[in-house]
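Trainee: Sequence first, then the predicted structure, then my questions.
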Amino acid sequence: MTFPERKMSWRASEAAGPEPLLNREWLVTNGLGGYAAGTMAGVITRAFHGYLIAALPSPLGRVMMLNDLVEALHLSADTAVQLGGEERAGIPLRLHSSDFVEEFRLEMGLPVWSYHVEDVRIEKKLTMIHRQNTVHVTYRMLSDHKRWLTLRPSVNFRLQEAPVSTPLAASYILTVNGETFEISAGDSLPSLRLAIHGKGTSLTIDRAKIQEVIYRIEESRGYAARGDLWSPGYFSIELSAENPVTLVASTESWDTINALAPEYAAIAEQSRRRRLIARSQACTHEGLAAELVLAADQFVVVPAGRVDDTLRAHASGDEVRTVIAGYHWFTDWGRDTMISLEGLTLATGRQIEAGYILRTFAHYIHDGLIPNMFPEGKNQGLYHTADATLWFFHAIERYLESSDDETLLPELLPQLQAIVAAHIRGTDFGIGVDASDGLLKQGQEGYQLTWMDAKVGDWVVTPRRGKAVEINALWYNALRLLEGWLRQSNLNEQADEIATRAQQVRESFNRRFWYEQGGFLYDVVDGESGDDPSCRPNQIFAISLKHPVLNEDRWKAVIDVVRRELLTPLGLRSLSRDNPNYHAKYDGDLRSRDAAYHQGTVWAWLIGPYIDAWLKEYPDDRNTVRKLLQGFTDHLNEGCIGSISEIFDAEPPYTQRGCVAQAWSVAEVLRCWVKANC
């Protein structure tokens, strides 16, 4: 087994300035929803960049605790060279870090920088402790020298969603206790605890307000882009080959922090990651698939903020798990979780955690719906979704197919029956069955209930109110799955009733959704403006699901249209180019971006259902599937190194946009890679 390593060598003389280092990002997570993130250059460009974004109990959620760490290497008594950020200790020379980054690499998914300054080489590694809000940053001299390194931590404690312009706390207090340090800002937030491990270290108290830090990505996105940071001073470190030094930053108790020495913590995390790969399928133990196994781990979390969930699960001998939809700003979303479950957990040998996830969401079923999402720092979900609950059926089917769990289905079957009953009689947000044709309708003014859910103020960009094509494909699939589960449980009379209803849906779907003029499927029928013939990827679900609702003689026509109009090397466009609402680029301010979000923008996750549909029509053609996934190999060197972005521009060069690491993007590419190669 060869464990994954992704290297990116860098020579200042070979590149056009620092842009590649500023545009490529790294991400490390802690299994709680917390993370550390930044650019390869070490310059913070997003509101979400920092060395410690802690996942804290409700009502806080994720909180920015350590925003920046300015590093300066002292070559002599009067000279220092910047390795990132700004040193304010009176050092006269400041050069950009891109002049000195020799190499950036991911070792088992963890970031490592190699710096080369004159005849000095230094290595920097970053590790987060699993299920702790603790980060370790380790520096090691690779050459035979002894030099001084200064580290200046800077902070502005704020909720991660708060703008960077959030004022600094009225007062930050630094407490020094021997070799440990605490920064506090009142009782509403925990303290940031800092410690330095290594010989010859000291702290110089040199309080500084770092004003008007510019976050250039926030500026380009139309958000507040300037803010202040506060620093208590800087650490001085005598660095040599024999004396590696680690800065520890944490919101945990000192007992928890001190339980793991830095050298053991690094070994423990490497060992955990090796086990993740080892327990995944054998065909995923090397190369791209192994990297995606590690990327998948970033999204499967214990929801640190929802303490009640954990207590309830423990009381029944269970555990609580959920899925972060994307970094940096998404929380856990029901739809994304159910779509991602197979790729993140079942393809990676994490069946037990898949069961935890399903039971966690089952607890929140309300009026026949699972939550659409849990807002940051909240314990209760929001239910404005027409499809998340139908994807729940799909996720359960994939789990039962993959695991030997004989308890889940009997436990959930009454709830699944209740879900279908609620949809038949009608539930919230106008979700309900039209008795005349058995099709599922949805829609309520001011809400966006399908996965195409962009909304700006009161403007719902793609309302799709009526009978949406993928909603009814999912509805038919859910009915057929329930029918099978009822028969498996010897409830044949109830199964017959569901079978009759499913047959009505199938007949109505094939009669109502076929758009003869275009040779594909309407996106919505019985909508606010009649039937919508927009060519969108949603029609592919009529083929891709376990129980396809579309008649087989029309599969090829739909696949051909989707391939011709929507397929790109990085997923499917959300709208065909000949539609007047088509947007080629996803950029500009929030309104401009949301106008393009589902109006052409490419979504990586849609490559999954497209491949499923392709293999339904061409079951022996795995070579085409492998070719369809090739574009993601190069992408792992772009955006967030080692992960897959949420979306891409609709035209070449297909610039990555949105979240830099998205659960269903990683999940669907990994799932399909397994399908094509295992």
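Mentor: Good, I have the coordinates.

Trainee: how long is stretch 595-608 from one end to the other?
Mentor: Length of stretch 595-608, first residue to last, C-alpha to C-alpha, to the nearest Å: 24 Å.

Trainee: From the chain's centroid, how far away is that stretch?
Mentor: Taking the mean of its C-alpha atoms, stretch 595-608 sits 16 Å from the chain's own mean (C-alpha atoms, centre = their mean, to the nearest Å).

Trainee: heads up, I number from 607, so please use that
Mentor: Sounds good: first residue 607 from here, last item stretch 1201-1214.

Trainee: Could you pull up the mean pLDDT of that stretch?
Mentor: Here stretch 1201-1214 scores 96 as its mean pLDDT.

Trainee: Just to be sure, residue 1271 is in a helix?
Mentor: Yes - when DSSP: H, G, I helix; E, B strand; the rest coil is applied, residue 1271 is found to be in a helix.

Trainee: what sits against residue 1200?
Mentor: Contact analysis of residue 1200 by C-beta atoms under 8 Å, 6 or more residues apart in numbering lists 1060-1062, 1067. Glycine gets a C-beta too; all of them are placed from N, C-alpha and C.

Trainee: tell me the SS of the closest residue to residue 1085 other than its chain neighbours?
Mentor: Closest residue to residue 1085 apart from its sequence neighbours, by C-beta to C-beta, 6 or more residues apart in numbering: residue 1108 at 3.9 Å. Three-state assignment for residue 1108 (three-state DSSP): helix.

Trainee: Is residue 1108 in contact with residue 1084, as I believe?
Mentor: No - under the criterion of C-beta atoms under 8 Å, residue 1108 is not in contact with residue 1084, lying 9.0 Å apart.

Trainee: who touches both of those two?
Mentor: By C-beta under 8 Å, 6+ apart, residue 1108 and residue 1084 have no common neighbours.

Trainee: These two: which is more packed in?
Mentor: Under the neighbour definition other C-beta atoms under 10 Å, residue 1108 and residue 1084 were set side by side, and residue 1084 has more, 29 against 22.

Trainee: quick one: contacts for the more buried one?
Mentor: Contacts for residue 1084 (C-beta under 8 Å, 6+ apart) come out as 996, 999-1000, 1026.

Trainee: Also residue 781?
Mentor: Residues near residue 781 by C-beta under 8 Å, 6+ apart: 787-790, 797.

Trainee: Would you format the residues you listed as JSON lines with neighbour count included?
Mentor: As requested, the contacts of residue 781 are exported to JSON lines (neighbours: other C-beta atoms under 10 Å):
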{"residue": "787", "neighbour count": "21"}
{"residue": "788", "neighbour count": "17"}
{"residue": "789", "neighbour count": "22"}
{"residue": "790", "neighbour count": "17"}
{"residue": "797", "neighbour count": "17"}
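
Trainee: Looking at the residues you listed, spot the one nearest residue 727.
Mentor: When the contacts of residue 781 are ranked by distance to residue 727 (C-beta to C-beta), residue 787 comes first, at 28.9 Å.

Trainee: Leaving out sequence neighbours, find the closest residue to the closest one.
Mentor: The spatially closest residue to residue 787, leaving aside those adjacent along the chain, is residue 800, at 4.4 Å (C-beta to C-beta, 6+ apart).

Trainee: where exactly do the strands run in the stretch 1057-1206 of the chain?
Mentor: Counting by DSSP state E, counting those that start in this stretch, the stretch 1057-1206 of the chain has strands at residues 1061-1062, 1065-1066, 1073-1074, 1120-1121, 1126-1127, 1130-1133, 1136-1138, 1173-1174, 1177-1179.

Trainee: which one of the ones you listed lies closest to residue 1230?
Mentor: Nearest of the strands of the stretch 1057-1206 of the chain (C-beta to C-beta): strand 1173-1174, 11.1 Å.

Trainee: Mind listing the strands the closest one pairs with, and their directions?
Mentor: strand 1177-1179 (antiparallel) (DSSP bridges).

Trainee: for the strand it pairs with, the distance to its chain's centre please.
Mentor: In terms of C-alpha atoms, centre = their mean, the centre of strand 1177-1179 is found 18 Å from the chain centre.

Trainee: For the most centrally placed residue in the chain, what are phi and psi?
Mentor: Central residue of the chain (C-alpha atoms, centre = their mean): residue 932, 2.3 Å from the mean position. The phi and psi values for residue 932, taken as degrees, to the nearest 10, are phi -170, psi 150.

Trainee: need the contact list for it.
Mentor: With C-beta under 8 Å, 6+ apart, residue 932 has these contacts: 942, 1252, 1264-1265, 1267-1269.

Trainee: Show me the beta-bridge partners of it.
Mentor: Beta-bridge partners for residue 932, by DSSP bridges, are residue 1268.

Trainee: Look up how far residue 1219 lies from residue 1165.
Mentor: According to C-beta to C-beta, to the nearest Å, residue 1165 and residue 1219 sit 6 Å apart.

Trainee: shared neighbours of those two, which are they?
Mentor: Jointly contacting residue 1165 and residue 1219 under the rule C-beta under 8 Å, 6+ apart are 1146, 1149.

Trainee: Show me which of the two is the more surrounded one.
Mentor: Ranked by neighbour count (other C-beta under 10 Å), residue 1165 and residue 1219 place residue 1219 first, with 25 against 22.

Trainee: so the more buried one touches residue 1150, yeah?
Mentor: Yes - between residue 1219 and residue 1150 there is a contact under C-beta under 8 Å: 4.4 Å.

Trainee: Hmm, residue 1015 is touching residue 1094, no?
Mentor: Yes - the criterion here is C-beta under 8 Å, and residue 1015 meets it with residue 1094 at 7.5 Å.

Trainee: Which one's more surrounded, these two?
Mentor: The neighbour count for residue 1015 versus residue 1094, taken as other C-beta under 10 Å, is higher for residue 1015 (16 against 13).
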